[in-house]
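> Build me a model:
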Amino acid sequence: MAKVTSLRQAAKVGNVNVADMVNTLRKEAGMPELGGDFCPDGEEASVPFSHEISETSVVFTLDVRPIIKAGDHPKDLVISQAEKLLPGECMELISPFPPVPLINLLQSKGFKVTMLTPEKELVRTFVKR
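As a prediction, the model looks like this:
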């Protein structure tokens with residue numbers, strides 16, 4: 001898990017409901033559950049999933065698993081590599097879990113992002129300019 005993330009992002013990465021996750025944590029801490037409507041609606045990342053590799057040829061592959069394993073955050077490296085892409089080019093990002101915060105950031109910068117269906121500790125995400 002990244003050093004900084006929101007509860008909503010952590011729940012999305014773990015494929016669990018954020019309210020259920022928070023209530024489970026509160027229960028373990030000996031605290032009462034919150035009501036079901038405690039989370040206001042927020043902006044969600046919309047990532048198209050695919051069963052095939054991107055049709056666009058990949059010009060660069062960045063495997064961030066060693067960076068994350070070392071306890072560091074790959075955000076700056078991912079963004080700097082994505083910024084080098086020319087229009088129509090695609091970068092492959094390999095991570096141990098869906099990089100939802102990075103996907104949000106890349107989409108806000110105008111990149112198109114698709115992801116292959118995640119496998120155990122292997123997520124292949126394609127970033128296209």
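
> as a whole number, average confidence for the longest helix along the chain?
The residue-count maximum for a helix in the chain (DSSP state H) belongs to helix 18-28. Averaged over helix 18-28, pLDDT sits at 75.

> counting contacts, what elements does it pack onto?
When contacts are defined as 3 or more Cβ pairs under 8 Å, 6 or more residues apart in numbering; DSSP states H and E, helix 18-28 sits against helix 7-13. The C-beta positions use only the backbone N, C-alpha and C, and glycine is treated the same way.

> can you give me the helices for the protein?
Going by DSSP H, the chain shows helices at 7-13, 18-28, 65-69, 75-83, 100-108.

> With mean neighbour count and distance to E119 added, can I get those in TSV?
Listed next are these as TSV, based on neighbours: other Cβ atoms under 10 Å; distance: least, Cβ to Cβ, whole Å:
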stretch	mean neighbour count	distance to E119
helix 7-13	18	15
helix 18-28	14	23
helix 65-69	13	13
helix 75-83	15	20
helix 100-108	19	17
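
> Check the offset of the longest helix of the chain from the chain's centre.
Relative to the chain's own centre, helix 18-28 is displaced by 21 Å; criterion: Cα atoms, centre = their mean, to the nearest Å.
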